[in-house]
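Peer 1: no letters, just coordinates:
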């Protein structure tokens, strides 16, 4: 089981570097910019958690952007979902609707790598399967 990393408009490689540097296996990278293909749901269900991301989390995330759709599918499948954004403008209710567990703010490669490290530490203590 691996983490599914689906970042739209953010540097997924930097986050993956932080995750693996903190001891998690290489995540399954999915490019949501191309939409959700036929493999997405199976890859999501095989993951122990999903990390979504976009430059700005806001009400538009709830209204049909791919990040919101991924989070909704994860919630419906019972897969924990976490988010990364350069700007978090989504209110608490919006985060509850999407069932986002952790939300991190980062935009530069250095910040994104640091978020990968922080997320890995939280996942290994909270939700990582044995």
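Peer 2: Everything's here; your move. Model, not experiment: these values are computed from the prediction.

Peer 1: I'd like to know how many residues surround residue 79.
Peer 2: Other residues lying near residue 79 total 19 when counted by other CB atoms under 10 Å. Backbone N, C-alpha and C define where each C-beta goes, glycine included.

Peer 1: likewise for residue 122?
Peer 2: 16.

Peer 1: what's the helix or strand for the residue lying closest to it once chain neighbours are set aside?
Peer 2: The shortest distance from residue 122 to any non-neighbouring residue, by CB to CB, 6 or more residues apart in numbering, is to residue 102 (6.2 Å). Element membership for residue 102 (DSSP states H and E) is strand 100-105.

Peer 1: next SSE downstream of that strand?
Peer 2: Using DSSP H and E, the helix or strand that follows strand 100-105 in sequence is helix 109-126.

Peer 1: for residue 21, see how far away residue 118 is.
Peer 2: 11 Å (CB to CB, to the nearest Å).
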